[in-house]
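> no sequence for this one, just the structure:
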């Protein structure tokens, strides 16, 4: 349990970090949250690398210390390196990321902005890079990690300062 | 998954259905949030309307939520939330005011939620209710944001995002 954590962990020993942590307190919803993790890491028609880039951009923008420190193993196995993730910062448009990655980051920023707005220019860029099914997955990725990051910040305790980077197997969130 | 949308072709859920099973997970999560017993659906609806107002999402402010039992939300409460009076208005219970305060801070900056606000929600709805309320707020926020993004993509995809409720 982290400092200042506002709800207790479920206290189960299933081996699934989501079920055993705070989310496990509400059994009516936890299975769908776990299943969403599973689908995002296992069934999305966008690459795990892109899912991780979106997740990390969102974590950095909403400033979730825990989310920023976590690295999942599946995107790493997909070839994503820490050096590449360092490019997902505010001057990302100037960095050697692919246009597809830059578009996904730009949509993440638009999703989090106030007011939420996708400009015509960004819409045109996105539709050159993604078909509608892929865009639906990008939006679903944003929705899921926006949900989990904001809950983590609200309830999960906020450690002081930045946390060390920790690689975790996706299986502990999906099975 | 939802809802009282006039034209389902414009609905967020129709768009997300391209993700198959993942959209079904999201749909079941949405349903579970409205059907659980920790926080009344009428309180959740007040919070959903609050986020719709804060986002300036006209469609979400206007839509009728089919998961809300008939008469569960008095029109004056709906009007008060949509006009931004809620937190100080005497027509709301302490529990509703606690939930609405949490909703506003959750939207502005979740790191700004202090122990006082969290404890007020916990004393009204319990620890599980606090978690459930945050899950609901996360769902509302994510759905409204996604729907607004789809509106921006709409002129090019033929989908205007509709509304997220």
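Received the coordinates, thanks. Bear in mind that the values here come from a model prediction, so they are computed numbers and not experimental data. Residues are numbered from 1 along each chain as shown, chains lettered A, B, ... in the order given.
> Nearest residue to the residue nearest to the spatial centre of chain A in space, please, no chain neighbours.
Against the mean C-alpha coordinate of chain A, by Cα atoms, centre = their mean, the closest residue is residue A:55 at 2.5 Å. Leaving out its chain neighbours, the residue that sits closest to residue A:55 by Cβ to Cβ, 6 or more residues apart in numbering or on different chains is residue A:145, at 4.7 Å. No exception for glycine: its C-beta is placed from N, CA and C like everyone else's.
> Can you name the residues that contact the one you found?
Contact partners of residue A:145, counting by Cβ atoms under 8 Å, 6 or more residues apart in numbering or on different chains, are A:54-55, A:58-59, A:67.
> Shouldn't it be within a helix?
Yes: the assignment for residue A:145 by DSSP: H, G, I helix; E, B strand; the rest coil puts it in a helix.
> And it, how close does it get to residue A:94?
25 Å (Cβ to Cβ, to the nearest Å).
> can you check residue A:143 too?
On the measure of Cβ to Cβ, residue A:143 and residue A:94 end up 28 Å apart.
> higher neighbour count, those two?
Taking neighbours as other Cβ atoms under 10 Å in any protein chain shown, residue A:143 and residue A:94 compare with residue A:143 leading, 25 against 10.
> Just give me the neighbour total for residue 17.
Defaulting to chain A. Every residue meeting other Cβ under 10 Å relative to residue A:17 is counted, giving 19.
> let's do chain B instead
Residues near residue B:17, counting by other Cβ under 10 Å: 17.
> Which parts of chain A are helices?
Applying DSSP state H to chain A gives helices spanning A:17-20, A:27-42, A:48-62, A:65-69, A:73-77, A:82-85, A:99-112, A:120-129, A:132-155, A:171-174.
> Distance to residue A:10 and mean pLDDT for the ones you listed - can I get that in a markdown table?
Below are these laid out as a markdown table (distance: least, Cβ to Cβ, whole Å; pLDDT from 0 to 100):
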| stretch | distance to residue A:10 | mean pLDDT |
| --- | --- | --- |
| helix A:17-20 | 6 | 93 |
| helix A:27-42 | 8 | 96 |
| helix A:48-62 | 23 | 96 |
| helix A:65-69 | 17 | 92 |
| helix A:73-77 | 24 | 94 |
| helix A:82-85 | 30 | 94 |
| helix A:99-112 | 29 | 98 |
| helix A:120-129 | 38 | 96 |
| helix A:132-155 | 13 | 96 |
| helix A:171-174 | 14 | 89 |
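> I'd say residue A:115 and residue B:55 touch.
Yes: counting by Cβ atoms under 8 Å, residue A:115 touches residue B:55, with 7.0 Å between them.
> Pick out the residue of chain A closest to chain B.
residue A:118 (2.6 Å; Cβ to the nearest Cβ).
> In which helix or strand does the closest residue to that residue other than its chain neighbours reside?
The shortest distance from residue A:118 to any non-neighbouring residue, by Cβ to Cβ, 6+ apart, is to residue B:152 (2.6 Å). Element membership of residue B:152 [criterion: DSSP states H and E] is helix B:115-157.
> Assign a three-state SS to residue B:71, would you?
Once three-state DSSP is applied, residue B:71 turns out coil.
> hmm, what's the outermost residue in chain A?
Greatest distance from the centre of chain A, by Cα atoms, centre = their mean, belongs to residue A:120 (25.3 Å).
> What count of nearby residues applies to residue A:34?
21.
> I'd say it and residue A:17 touch.
No: using Cβ under 8 Å, residue A:34 is not in contact with residue A:17, being 9.6 Å away.
> can you list residues touching both of the two?
Joint contacts of residue A:34 and residue A:17 (Cβ under 8 Å, 6+ apart) are residue A:173.
> contacting residues around residue B:140?
B:47-48, B:51-52, B:164.
> List the contacts of the residue nearest to the centre of chain A.
By Cβ under 8 Å, 6+ apart, the contact set of residue A:55 is A:67, A:141, A:145.
> cool, residue A:18 as well?
A:24, A:30, A:33-34, A:37, A:173.
> Of those, which pair is most distant in space?
A:24 and A:37 (13.5 Å; Cβ to Cβ).
> For residue A:169, see how far away residue B:109 is.
For residue B:109 relative to residue A:169 (Cβ to Cβ), the value is 31 Å.
> same question, residue B:146
From residue B:146 to residue A:169 the distance is 28 Å (Cβ to Cβ).
> of the two, who's got more company?
Set residue B:146 next to residue A:169 and count neighbours by other Cβ under 10 Å: residue B:146 wins out with 24 against 12.
> In space, what's closest to that one - neighbours in sequence excluded?
Per Cβ to Cβ, 6+ apart, closest to residue B:146 is residue A:139, 4.8 Å.
> what's around the one you found, how many residues?
26.
> go on, residue A:89?
12.
> Likewise for the one 3 residues further on?
Counted with other Cβ under 10 Å, residues neighbouring residue A:92 total 17.
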